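J.: Quick one: sequence plus predicted model below, questions after.
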Amino acid sequence: TNVKTELGRRFFSILDRHFPVGHRLHKIFNRNTVKLSYSCMPSMGRIIKNHNKSVLEDKGVDESVRQCNCRDKPNCPLQGQCLTPSSVYQADVLTDDGESYSYIGLAEGDFKTRWRNHTKTFRAEKYRNETELSKLVWDLKDKKIEHKIAWKTLAKCKSYRAGSKFCNLCLTEKLLILKNKSCINKRTEIVSKCRHKRKFILKYS
């Protein structure tokens, strides 16, 4: 059926009002970068059913699932939780001269695999431009500034699944980047496409 209200016009009017030319986020949120489309939403019965399932689901830690496989447990990068899957994490970089920086990222698999990829980019200079975090670390190395990196989990959420409307993992990461105005992540990451949906598309499988 046709949409009877002028939803599109009203939406873009709100966009123009809250992100005018000169606003720090105007380059990301404007009529050329934001697209509007329509889709069918789940029924109220489906929403209630999913909500009840989420509430009744046991949120406790399953002791039978291995949480850490580090040989040196005290030096686990995530305080004994390095095998945590589907999480949004934060890396806090503290330099000897008192400067601090934060970087937000996500891991679809276990955190330790993502952490190893990060440490690889810190060791090999050919990977220095792979992430904003690796750029910062190499910049500090070039200036011979000593630093330490502390890791922590910000949120645990599920990534995109076949048939889903959105990816909770990507949306949570973008929301946390928006909230943290001092993080070193690029603002363009907020409008980047979900990378987890690709493996469910037939032509890429």
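T.: Received the coordinates, thanks. Numbering: from 1, shown residues only.

J.: for stretch 90-109, how far is the first residue from the last?
T.: Stretch 90-109 has an end-to-end distance of 16 Å (criterion: CA to CA, to the nearest Å).

J.: Buried residues of stretch 115-134, list them for me.
T.: Under the neighbour-count criterion of 16 or more other CB atoms under 10 Å, stretch 115-134 has 115, 118, 121, 128, 131-134 buried. In short, each C-beta sits where N, CA and C put it, glycine included.

J.: Could I get the full set of strands for this structure?
T.: 85-95, 100-110, 147-156 (DSSP state E).

J.: Identify all contacting residues around the shortest one.
T.: Yep, that's strand 147-156 we're talking about. Residues from elsewhere that reach strand 147-156 (CB atoms under 8 Å, 6 or more residues apart in numbering): 77-78, 81, 84, 86-96, 104, 111, 115, 137, 140, 172, 176.

J.: where in this structure is pLDDT low?
T.: Across the chain, the ranges flagged by pLDDT under 70 are 1-3, 54-64, 203-205.

J.: could you redo the last one with a cut-off of 90?
T.: Within the chain, the ranges that satisfy pLDDT under 90 run 1-9, 35-67, 157-166, 181-182, 187-205.

J.: hmm, which of the contacts of strand 147-156 are the buried ones?
T.: For those, a burial check counting by 16+ other CB under 10 Å picks out 77-78, 81, 84, 86-91, 93, 104, 111, 115, 137, 140, 172, 176.

J.: so who does the most centrally placed residue in the chain touch?
T.: Note on the chain: the residue nearest the mean C-alpha position is Glu173, at 2.6 Å, using CA atoms, centre = their mean. Applying CB under 8 Å, 6+ apart to Glu173 gives the contacts 88, 104-106, 189.

J.: on that earlier part again, dump the strands of the chain to TSV, plus distance to Phe12.
T.: Shown next, in TSV, are the strands of the chain (distance: least, CB to CB, whole Å):
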stretch	distance to Phe12
strand 85-95	30
strand 100-110	29
strand 147-156	31
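
J.: between these, which one is nearest to Arg46?
T.: Nearest to Arg46 among those is strand 85-95 (22.4 Å), distances taken as CB to CB.

J.: on that earlier part again, ok, so of the buried residues of stretch 115-134, who is nearest Glu6?
T.: Looking across the buried residues of stretch 115-134 and measuring by CB to CB, the closest to Glu6 is Glu132, at 39.9 Å.

J.: right, and the closest one touches Thr188 too?
T.: No - applying CB atoms under 8 Å, one finds Glu132 not in contact with Thr188, separated by 10.8 Å.

J.: how near is Arg123 to Lys197?
T.: Here the criterion is CB to CB, to the nearest Å. By it, Arg123 lies 31 Å from Lys197.

J.: count of neighbours near Asn185?
T.: Here the count is done by other CB atoms under 10 Å, and Asn185 has 20 residues near it.

J.: closest one to His23 among the strands of the chain?
T.: Minimum separation from His23 across the strands of the chain (CB to CB) falls at strand 100-110, 22.1 Å.
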